[in-house]
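Asker: Have a look; sequence and predicted model below, questions after that.
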Amino acid sequence: MTLDVSELKNRAKNIRLVCFDVDGTLTDGRLYFDSEGRESKAFNVHDGQGLRLLEDNGIAVAFITARASESAKARARDLRLSHVFIGVKNKADCVQALCNELGITPQQAAFMGDDVPDLAAMKLCALACVPANAHAWTFDHADWVIPKNAGEGAARVLCDFILESQNLMPAILEKWGVNP
């Protein structure tokens, strides 16, 4: 049920918190295990830059994942994120609690997920997004199916869209020495 661009922009203008599932949203969904059982996964550097741009411009970012993942914790530390929830069974409850902590409502939150454990959190938030390669069951529950795959810049597309909708891009570019 992808919304039209004007409605997406209206919702994005009010976003103060963006929550991301990790596996299949910030990664391509593949899990690698070495012979000792240690997990690793690949994260996209462009997605990471987008997450930092949100945080640096006053929009909170959260990882909310059901897996107990040291890789996700390490990536969150690398990005200096302060809202990291690992091993979450009920993502909607987690989003609601975080909104309460931040003094905002879920109508000021976005959630990007990729499979059925994300649906309740997506439904709770004002802006629900999935990457192009999300599980098909999520498409009917998404406000926007982002035209990029998970782990290949889908999260960056969302980050940029929110920043542009809030007219923050000119100041960001200027900070990096570019005249918008």
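Answerer: Right, received. Where do you want to start? Numbering: from 1, shown residues only.
Asker: how far away is the residue of the chain most remote from its centre from Lys41?
Answerer: The C-alpha centroid of the chain is most remote from Ser35, which lies 30.9 Å away (C-alpha atoms, centre = their mean). For Ser35, the distance to Lys41 equals 17 Å [C-beta to C-beta, to the nearest Å]. Placement of C-beta: from N, CA and C, glycine included.
Asker: same check, this time on Glu101
Answerer: Taken as C-beta to C-beta, the span from Glu101 to Lys41 is 28 Å.
Asker: neighbour-wise, which of these two wins?
Answerer: Lys41 (20 against 11; other C-beta atoms under 10 Å).
Asker: contacting residues around the most centrally placed residue in the chain?
Answerer: In the chain, the C-alpha nearest the mean C-alpha coordinate belongs to Phe20, at 3.2 Å (C-alpha atoms, centre = their mean). Contact partners of Phe20, counting by C-beta atoms under 8 Å, 6 or more residues apart in numbering, are 26, 51, 61-64, 111-113, 155.
Asker: number of nearby residues for the closest residue to Arg156 other than its chain neighbours?
Answerer: Distance criterion C-beta to C-beta, 6 or more residues apart in numbering; nearest residue to Arg156, sequence neighbours excluded, is Gly50 at 3.9 Å. Counted by other C-beta under 10 Å, the residues lying close to Gly50 total 24.
Asker: now could you export just the CA positions of the strand or helix carrying Gly50 as CSV?
Answerer: Element membership for Gly50 (DSSP states H and E) is helix 45-56. Only the C-alpha atoms of helix 45-56 are listed here, as CSV (Å, rounded to 0.1, in the frame of the first residue of the first chain):
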residue,chain,number,x,y,z
VAL,A,45,28.6,2.3,4.5
HIS,A,46,26.1,4.6,2.8
ASP,A,47,23.4,3.5,5.2
GLY,A,48,25.7,4.2,8.1
GLN,A,49,26.3,7.7,6.8
GLY,A,50,22.6,8.3,6.5
LEU,A,51,22.0,7.1,10.1
ARG,A,52,24.7,9.5,11.4
LEU,A,53,23.2,12.4,9.4
LEU,A,54,19.8,11.8,11.0
GLU,A,55,21.4,11.7,14.5
ASP,A,56,23.6,14.7,13.8
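Asker: which element follows that helix toward the C-terminus?
Answerer: Counting by DSSP H and E, the next helix or strand C-terminal to helix 45-56 is strand 60-65.
Asker: can you give me how far that next one is from the chain middle?
Answerer: In terms of C-alpha atoms, centre = their mean, to the nearest Å, the centre of strand 60-65 is set 7 Å apart from its chain centre.
Asker: residues contacting the residue nearest to Arg156?
Answerer: When contacts are counted by C-beta under 8 Å, 6+ apart, Gly50 touches 155-156, 158-160.
Asker: Let me have the contacts of Phe20 in JSON lines, adding neighbour count as columns.
Answerer: Below are the contacts of Phe20 laid out as JSON lines (neighbours: other C-beta atoms under 10 Å):
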{"residue": "Leu26", "neighbour count": "28"}
{"residue": "Leu51", "neighbour count": "27"}
{"residue": "Val61", "neighbour count": "23"}
{"residue": "Ala62", "neighbour count": "21"}
{"residue": "Phe63", "neighbour count": "23"}
{"residue": "Ile64", "neighbour count": "27"}
{"residue": "Phe111", "neighbour count": "31"}
{"residue": "Met112", "neighbour count": "30"}
{"residue": "Gly113", "neighbour count": "31"}
{"residue": "Ala155", "neighbour count": "30"}
